[in-house]
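Asker: following is a predicted model, sequence given first.
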Amino acid sequence: MQLTITQLYEKMRANMGPSGWWPADSKEEIIIGAILIQNTNWRNADRALTLLRNATGLVPDRILTLPPEKLHDLVRPAGFYRNKSRALVSVLTWLAQGNYDYPAIGQHYGAHLRQELRALHGVGPETADVLLTYIFDVPTFISDKYARTLFTCLGVTGLTDYRSLARRCTLPASFTPAMAQDFHGLIDEFGKVYFHPLTKFQESFLAGDTLAL
């Protein structure tokens with residue numbers, strides 16, 4: 001069956017239920033986690049997140065007052081600790097300028113919000129889209145590795161990197177922030193089950209379907 005983006009989301013939700021993503025206790029935890037997860041797995045990112053939580057309660061102002069060496073030590077389990085520490089400081093400092101008032105920050109920058117996020121150290125296309133979706137409630141499709149693998153399995157070709165899918169896939173106007181958040185979570189949870197190894201996809205409820213982009 002050929003599916004639209006909306007039909008794909010509806011079929012995944014019907015078969016899997018709500019994803020509950022992003023699993024976190026606060027938006028600040030999501031922000032920090034989105035930086036720590038870059039170029040690593042969740043186990044390593046979570047180790048660093050736990051250390052930061054124990055040391056600071058994940059309170060941004062407390063993180064910003066840490067000596068650089070201490071912050072490096074806390075972030076180290078996530079890898080690339082110097083770059084990620086700098087990214088944390090950059091993003092949290094920028095948010096502090098807006099008093100962590102996410103709706104107000106989003107309203108202030110409007111259509112330029114993604115551009116502003118991308119200008120921050122350590123914020124690449126994927127991290128920017130995660131922040132748009134989960135922090136600023138801007139429905140955005142996150143073209144991560146799991147999404148590219150899924151869409152390839154559904155017959156979409158030429159998905160070589162993040163931008164190659166992001167250029168081709170935008171969410172329909174009917175998608176709410178909650179739907180966009182859930183869709184990303186469903187794709188990642190689906191990938192964990194059916195992409196290791198990739199041959200398991202043929203056992204999934206999407207086997208035989210194609211996607212119309």
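Answerer: Here it is on my side, so go on.

Asker: show me the residue at the heart of this structure, geometrically.
Answerer: residue 130 (3.6 Å; Cα atoms, centre = their mean).

Asker: what about it, distance to residue 190?
Answerer: 18 Å (Cβ to Cβ, to the nearest Å). In this view, the C-beta of every residue, glycine as well, is placed from N, C-alpha and C.

Asker: pretty sure the residue nearest to the centre of the chain belongs to a helix, no?
Answerer: Yes. Under the criterion used here (DSSP: H, G, I helix; E, B strand; the rest coil), residue 130 sits inside a helix.

Asker: leaving out chain neighbours, which residue sits closest to it?
Answerer: In space, not counting the residues next to it along the chain, residue 130 is nearest to residue 34; the distance is 4.7 Å by Cβ to Cβ, 6 or more residues apart in numbering.

Asker: cool, and residue 164?
Answerer: What sits nearest to residue 164 in space, not counting adjacent residues and going by Cβ to Cβ, 6+ apart, is residue 158, at 6.1 Å.

Asker: check the secondary structure at the one you found for me.
Answerer: In three-state terms, and counting by three-state DSSP, residue 158 is coil.

Asker: got phi/psi on it?
Answerer: In terms of degrees, to the nearest 10, the main-chain angles of residue 158 are phi 80, psi 20.

Asker: repeat that for residue 2.
Answerer: For residue 2, the backbone dihedrals (degrees, to the nearest 10) come out as phi -90, psi 130.

Asker: go ahead and confirm it touches residue 213.
Answerer: No. Between residue 2 and residue 213 there is no contact under Cβ atoms under 8 Å: 10.7 Å.

Asker: surely the residue nearest to the centre of the chain is in contact with residue 138?
Answerer: No. Shown here, residue 130 and residue 138 do not form a contact pair, counting by Cβ under 8 Å, at 10.9 Å.

Asker: tell me the domain ranges of this protein?
Answerer: As assigned by automatic domain parsing, the chain contains the domains 2-20+141-211, 27-134.

Asker: switch the ones you listed over to JSON lines; also include mean pLDDT.
Answerer: Putting the domains of the chain into JSON lines (pLDDT from 0 to 100) gives the following:
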{"stretch": "domain 2-20+141-211", "mean pLDDT": "98"}
{"stretch": "domain 27-134", "mean pLDDT": "98"}
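
Asker: residue 36: neighbouring residues, count only.
Answerer: 26 (other Cβ atoms under 10 Å).

Asker: from residue 149, how far out is it?
Answerer: Counting by Cβ to Cβ, the gap between residue 36 and residue 149 amounts to 22 Å.

Asker: in stretch 11-30, what's buried?
Answerer: Buried residues in stretch 11-30, counted by 16 or more other Cβ atoms under 10 Å: 11, 12, 19, 21, 22, 24, 27, 28, 29, 30.

Asker: residues making contact with that stretch?
Answerer: The contact list for stretch 11-30 (Cβ atoms under 8 Å, 6 or more residues apart in numbering) reads 3, 33, 49, 53, 58-60, 100, 102, 130, 134-135, 181-190, 205-206, 209.

Asker: narrow those residues to those in helices?
Answerer: The helices in this structure, assigned by DSSP state H, contain 33, 49, 53, 60, 102, 130, 134, 181-190 from the contacts of stretch 11-30.
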